[in-house]
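S.K.: Sequence unavailable; structure follows:
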């Protein structure tokens, strides 16, 4: 029995060896080719591009709406200006004013009622125009703010967290209006989101001062020119008799002086 089993064991060993035999690629010392996977960076760039495309479309749509609102406000304003002012209506006639002549009194009373009706119609029309104009102007303001936020989302990846979802950031309507009126308003908003204490300080100021501070941030923090690089070269020789140019720092000027220079075009 043992002699019969020995060949069986030998066969089993040979079968195992055949199953574990190296493949052609292993024998040649090379690895089997694998399908290349798309890099994560490419996927991230693709998502970023799609996001920017969506945001830009929203900005374009808001721009169209803004122009439509501006035209509507102008149309309503022209209608209001062209509308005839309500004529002054005389006091309600009395019978005794006509010597108790009922026919003359009835005719005067009818004219008075007609004049009163026209006056109310004109007053109602004017009030309706004013309300529509205010609603259109408010919508225009909201669109401007949306545009500012969309530009911020397009330029700063964390704009929503820094500005829109920042519980420590205080922005008044006057501050928002000043930022919405500027092409760089989203940059100012982002700066304030990074400096909420500064935003709180500005929010506590009077409305005119708030607008001025927003403008100063835009000029000194956003559009401030880069500082020139210092070198070891000596200072250039000043010509004899040349007048030194005075450099004005807007941050250190009183409000009145700052407004004068701003109106004169010496600072922007």
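M.R.: Yep, that arrived. Given the structure is predicted, the values throughout are model-derived calculations rather than measurements. Numbering: from 1, shown residues only.
S.K.: where in the stretch 1-150 of the chain is pLDDT low?
M.R.: 1-40, 48, 51, 83-87 (pLDDT under 70).
S.K.: all helices for it, in order.
M.R.: Counting by DSSP state H, counting those that start in this stretch, the stretch 1-150 of the chain has helices at residues 2-19, 24-27, 40-82, 102-155.
S.K.: So which of the ones you listed has the densest surroundings on average?
M.R.: The highest mean neighbour count among the helices of the stretch 1-150 of the chain, using mean count of other CB atoms under 10 Å, belongs to helix 102-155: a mean of 15. Every residue, glycine included, has its C-beta placed from N, CA and C.
S.K.: and the helix or strand just after that helix, what other elements does it pack with?
M.R.: Later in the chain than helix 102-155, the nearest helix or strand by DSSP states H and E is helix 159. Other elements packing on helix 159 under the criterion 3 or more CB pairs under 8 Å, 6 or more residues apart in numbering; DSSP states H and E are helix 102-155, helix 185-194.
S.K.: Counting by contacts, list what the first one packs against.
M.R.: Right, the one you point to is helix 102-155. helix 40-82, helix 159, helix 173-180, helix 185-194.
S.K.: what's the average pLDDT for the second one?
M.R.: Averaging the model's pLDDT scores along helix 159 yields 94.
S.K.: burial of the nearest residue to residue 184 once chain neighbours are set aside, as a residue count?
M.R.: Spatial nearest neighbour of residue 184, excluding adjacent residues (CB to CB, 6 or more residues apart in numbering): residue 222 at 5.1 Å. Residues within reach of residue 222, counting by other CB atoms under 10 Å, total 15.
S.K.: ok, residue 221 touching residue 190?
M.R.: No: judged on CB atoms under 8 Å, residue 221 makes no contact with residue 190 at a distance of 10.4 Å.
S.K.: So for the two, which sits in the more crowded spot?
M.R.: Set residue 221 next to residue 190 and count neighbours by other CB under 10 Å: residue 190 wins out with 19 against 15.
S.K.: give the contact list for that one.
M.R.: 152, 156, 159, 162-163 (CB atoms under 8 Å, 6 or more residues apart in numbering).
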